[in-house]
Every structure is written in structure tokens, then in C-alpha cells.
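Participant: need a structure here:
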Amino acid sequence: MTEIELIKPKILPRDEEFLWRYFDIHKLLHLLKEKRLRYTRMDQFEDALEGIPFETLERFAKINNEPTLNLANIILETDKYLIKTETKLFGRLDEILQIQSSHFVSCWFYEQRESMAMWNLYSNPDGVALKVSFGKLKALLKPDLKVSGIKGYFCGKVEYQDFRNQDPYAVNGLSKLGKVSLRKDVSFSHEKEIRFVIKTDTTTNKLKTGIDSDKLNFKELNIKIVCHPRMAEWKKRNIKQILKDEGISTSYAESEIKLRY
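Facilitator: Residues are numbered from 1 along each chain as shown. From the prediction side, this is the model:
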């Protein structure tokens, strides 16, 4: 079994600090039924620049003489932009696509209180948030033992940087960040991500859009299920009953956010 590697552990949360996942009721029901969390393949995320090596960003900045040419567009529509860009860059595109298709990520919001912004972005009034301590999660969240081709399993804090500006890389050493799956553009900094990442070989899991975790013991994880602050009372009672049926009634938690309407 691949042991978890902690990347820059000094900047990771303390064991007693909390991580959050905001999602809709259907994902909650799926989680309770399957007792597994999903690691999503990196090329399934909305940000096309996930996992871009620094050298590619730097090279593109140097050769790009066309203001309307965007690296994300090139990744999304390679054939369309092939004739507009230096051919050598496209040797890098294979590398980018291999990185994106071989990394599977479980994303968590790192904050000690609920975030209304995250409720609005990733849930709805019928949704819930999963709240777990970092210590429990790093100890108990593991890749499915049956998954083949795993080359590494690590956890780290995402570092956000303005991909349009080269200068800050030299300052904070992001050019030396070995785990490119832990770098994102600053436009996503509101996500405050801690990531658990499964790295696989480039062929074994290329057809999978996600990889499941190993079976989870919710009591051992000491999870809390927090209902959306706008959830109707009768719907909260349904959530309580669902958790009671699963034998984890103590996992229910009311939102601390109180709204006027």
C-alpha cells in the first residue's frame, strides 16, 4: 500500500483543524451508500491549466506575440491553434495531457468556519457540507486497494500564482515546485485548497475519469454533516433520519450561519 507523502508539512493544517467539502444531496447519498470518496482526474476540472509545468508557462510567455492567444485555448483546441504557435511547444502538450490524465485529486476547502461563498459556489439550499479534521483525513483517506498503477499518493496545500506574470515565480520558488498538481492560477485562490493526489502511470488509468477511495468508516473519521443555512426544517429532519439509519446520527450538525431570509 502506498503511504501518503506530505508536501511541505509545515504549511499544512494542524491535525485538529478542519477541511470541508460542499456538495449537493445526491453526492451525500452516494457517499453514504458507497462509503467512498472520489478522486477526480485532473483533466476533468474546469481549469484547463491544471498541472502545467513551470517551464511550459515560461516558454509560452516568451514565444507568445499574439495578445489574443491563450495557453488554455491551445490545450482545449490543439488542432485549431497548431499553425499559430511555435511547433516545439506542442511537444510539451503531450506532457501536459499526460500529467492531467495521470493525476487524480480529492479537493478540500481549508478554513475553520463555514464559507457562504463556498455554499453558493458548490452547493444549493438542499446541499450539505462534509466537515472532517485534517488529522483524521490524512490518516484514513486512502486510494482503493484494488486500483493498479499507482506511483504515488501525496497531500499538499495548493499554491496560487498569477500565470500571466513570470516575475513572482523566481521570488517564491514555484519554478522548483515538484508537484505540479499543487499549483493553480490566482483566479482560483478563493478555493483555499488542500489536495490529496493519486499519481498513476500514464496508461493504466487513462480511461478512468475518477478513482474511488478505499472504504471509509464514518465513525472513525468522526465526520460532521452540516446542512445548508437555507435548508428547510423538514428537509433537515430527512437528513437526520438518513444519518440515523446509517448509525451515525451524532454526525449531524446545524449551520452556524444565520441568514435573514
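Participant: CA only for contacts and neighbour counts going forward, please
Facilitator: Fine.
Participant: export stretch 126-133 to CSV, keeping only CA atoms.
Facilitator: The C-alpha coordinates for stretch 126-133 follow below in CSV (Å, rounded to 0.1, in the frame of the first residue of the first chain):
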residue,chain,number,x,y,z
ASP,A,126,-30.7,21.4,-0.4
GLY,A,127,-27.0,20.7,-0.1
VAL,A,128,-24.7,19.8,2.7
ALA,A,129,-21.0,20.2,3.8
LEU,A,130,-18.8,17.4,4.9
LYS,A,131,-16.5,18.6,7.8
VAL,A,132,-13.5,16.4,8.8
SER,A,133,-10.4,17.1,10.8
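Participant: show the contacting residues for Lys199.
Facilitator: If a contact means CA atoms under 8 Å, 6 or more residues apart in numbering, then Lys199 has Ser102, His103, Phe104, Ile150, Lys151, Gly152, Tyr153 as its contacts.
Participant: state the distance from it to Lys219.
Facilitator: Using CA to CA, to the nearest Å, one gets 28 Å for the distance from Lys199 to Lys219.
Participant: quick check: which element contains Gly156?
Facilitator: Element membership of Gly156 [criterion: DSSP states H and E] is strand 150-157.
Participant: neighbouring strands for that strand, and are they parallel or not?
Facilitator: The strands beside strand 150-157 in its sheet (DSSP bridges) come out as strand 5-6 (parallel), strand 193-200 (antiparallel).
Participant: which one of these is the most hemmed in?
Facilitator: strand 193-200 (a mean of 23; mean count of other CA atoms under 10 Å).
Participant: that strand: what's the following helix or strand?
Facilitator: The C-terminal neighbour of strand 193-200 among helices and strands, as given by DSSP H and E, is strand 210-212.
Participant: so what secondary structure elements neighbour that next one?
Facilitator: strand 38-41 (3 or more CA pairs under 8 Å, 6 or more residues apart in numbering; DSSP states H and E).
Participant: first-to-last residue distance for stretch 252-261?
Facilitator: End-to-end distance for stretch 252-261, by CA to CA: 22 Å.
Participant: hmm, who's touching it?
Facilitator: Glu114, Met116, Lys224, Ile225, Val226, Cys227, His228, Pro229, Arg230, Ile239, Lys240, Leu243.
Participant: one more: stretch 96-107?
Facilitator: By CA under 8 Å, 6+ apart, the residues outside stretch 96-107 that reach it are 21, 37-43, 50-53, 181, 193-203, 205-206, 210-211.
Participant: from the centroid of the protein, which residue is nearest?
Facilitator: Nearest to the geometric centre of the chain sits Cys107, at 2.5 Å (CA atoms, centre = their mean).
Participant: can you give me how far the one helix or strand it maps to is from the chain middle?
Facilitator: Of the helices and strands defined by DSSP H and E, Cys107 is found in strand 103-110. In terms of CA atoms, centre = their mean, to the nearest Å, the centre of strand 103-110 is found 2 Å from the chain centre.
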